[in-house]
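Asks: What follows is a predicted structure for the sequence shown.
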Amino acid sequence: MDQRLQFLQPWLQQQLQRLLPQSTFDVESLAGDASFRRYFRVVVSSAGARQTMVLVDAPPPESLQPFIALAHAYQQRGVRTPEVLAFDESLGVMLLEDFGDTLFASGLNKTVASSRYRAAIDLLPQIMQVTEHTEGSVPDYDVALLTRENSLFHDWLLKTHLGMELSPAESKLWQRVNQLLIDNARVQPQVGVHRDYHSRNLMLLDGAAEAGELGVIDFQDAVQGAITYDLVSLLRDCYVVWPDDFVQEQLHYAYQRFTAAGLLTDVDFSQWQRWFDWMGLQRHTKASGIFARLYHRDGKAGYLHDIPRTVEYLVTVSRQYPELHDYCQWLQERVQPALAEKAQQRDSIGVS
């Protein structure tokens, strides 16, 4: 057991004795996410019964308040989020309800895919209503934040990972596309956005294989932003790829669902399609940079394998829009070959 976990043991024991007197417990490590937070499963035995909870280790400067406030706000809108059983802001630790191990993507196949994705889409109008909580307003997904996110692609993927220096012409192209993506995000209806609404942050509660109740996690970075953002995260997932006809089927369903809910007015489907496609460009631009940063800054090499997929999304979508043809060509001629060469170098020296 590491020193940090040893340090938290007295607090954990105190909370468990409050919740379940005379209980004993064991702590198991759980897979983490792309943040500095760590997760542990606490297996509690009490009066012959066994139950589990999740211990979240998020020491300062991480703040627990966004998660706690948003969990309550989501629950008020009928979205299942983990109950906060105990927390200590000064220690940076929380004890949460355990949603189990059955991810949205578990056992996902053509038979269950449509109903499962529609269940996830059906939750979005409720999430979109969450623009305030007990701590105040949910932050705005403003131009400054969008700009910082887009810069991750340039700073971490191109410059740090690939060692690319852009020519003046390339810099001009990059700045033009950057501005187009920001404009697209800001012109859309602005709603509550989970900001990481995908297959790894949705849980099938009680292990339901069909479209049972979904649990939502990892929402602490929620913002007010573009109406297509969470939908793009779900349908053009960085980790799960679906055929375009399936994506289009779900996109049509979401369009009808959001229109019926009064979230879209005077927006035809062609506009909706463009908003969705270009929002995907922004998200995958950011994701490509984040994956490179996770490797170079945080030593998380596994995310490197996701970069070719996110860049391929950029190529596929930009190819469909004439104003992005030069960008598409640049990605194909400069970025993708550089990624392939980098991967070959890593393979040649036996780096996984």
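Replies: Okay, I see it.

Asks: ok, for M164, nearest residue in space, not its chain neighbours?
Replies: Excluding the flanking residues, the one nearest M164 by C-beta to C-beta, 6 or more residues apart in numbering is L158, at 4.4 Å. The C-beta positions use only the backbone N, C-alpha and C, and glycine is treated the same way.

Asks: Tell me if I'm right that that neighbour and E170 touch.
Replies: No: using C-beta atoms under 8 Å, L158 is not in contact with E170; the gap is 9.3 Å.

Asks: ok, those two, which is more surrounded?
Replies: L158 (22 against 14; other C-beta atoms under 10 Å).

Asks: Return the set of buried residues in the longest helix belonging to the chain.
Replies: Longest helix in the chain, counting residues (DSSP state H): helix 269-296. Residues 272-273, 275-295 are the ones in helix 269-296 that count as buried (16 or more other C-beta atoms under 10 Å).

Asks: now for it, which elements pack on it?
Replies: helix 143-152, helix 168-187, helix 229-235, helix 244-260, helix 307-318 (3 or more C-beta pairs under 8 Å, 6 or more residues apart in numbering; DSSP states H and E).

Asks: Does the residue nearest to M164 belong to a helix, a strand or coil?
Replies: Secondary structure, DSSP: H, G, I helix; E, B strand; the rest coil: L158 is helix.

Asks: gap between it and V84?
Replies: 40 Å (C-beta to C-beta, to the nearest Å).

Asks: ok, back up a step: wait, what's in contact with the residue nearest to M164?
Replies: M164, L166, V335 (C-beta atoms under 8 Å, 6 or more residues apart in numbering).

Asks: residues contacting the second one?
Replies: The one in question is L166. H154, L158, W174 are the contacts of L166 under C-beta under 8 Å, 6+ apart.

Asks: That one should be in a strand, yeah?
Replies: No: looking at L166 with three-state DSSP, it is coil, so not inside a strand.

Asks: Would you mind writing the CA trace of the helix or strand hosting A120 as PDB?
Replies: Assigned by DSSP states H and E, A120 belongs to helix 110-128. The C-alpha trace of helix 110-128 is given here as PDB (Å, rounded to 0.1, in the frame of the first residue of the first chain):
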ATOM      1  CA  LYS A 110     -25.400  -4.900 -33.400                       C
ATOM      2  CA  THR A 111     -28.300  -6.500 -31.600                       C
ATOM      3  CA  VAL A 112     -28.200  -4.200 -28.600                       C
ATOM      4  CA  ALA A 113     -26.400  -1.200 -30.000                       C
ATOM      5  CA  SER A 114     -29.400   0.800 -31.300                       C
ATOM      6  CA  SER A 115     -31.400   0.600 -28.100                       C
ATOM      7  CA  ARG A 116     -28.400   1.200 -25.900                       C
ATOM      8  CA  TYR A 117     -27.300   4.300 -27.800                       C
ATOM      9  CA  ARG A 118     -30.900   5.600 -27.900                       C
ATOM     10  CA  ALA A 119     -31.100   5.300 -24.100                       C
ATOM     11  CA  ALA A 120     -27.900   7.300 -23.800                       C
ATOM     12  CA  ILE A 121     -29.300  10.000 -26.200                       C
ATOM     13  CA  ASP A 122     -32.500  10.100 -24.200                       C
ATOM     14  CA  LEU A 123     -30.500  11.200 -21.200                       C
ATOM     15  CA  LEU A 124     -29.000  14.200 -22.900                       C
ATOM     16  CA  PRO A 125     -32.000  16.600 -22.700                       C
ATOM     17  CA  GLN A 126     -31.800  16.100 -18.900                       C
ATOM     18  CA  ILE A 127     -28.100  16.800 -18.800                       C
ATOM     19  CA  MET A 128     -28.600  19.800 -21.100                       C
END
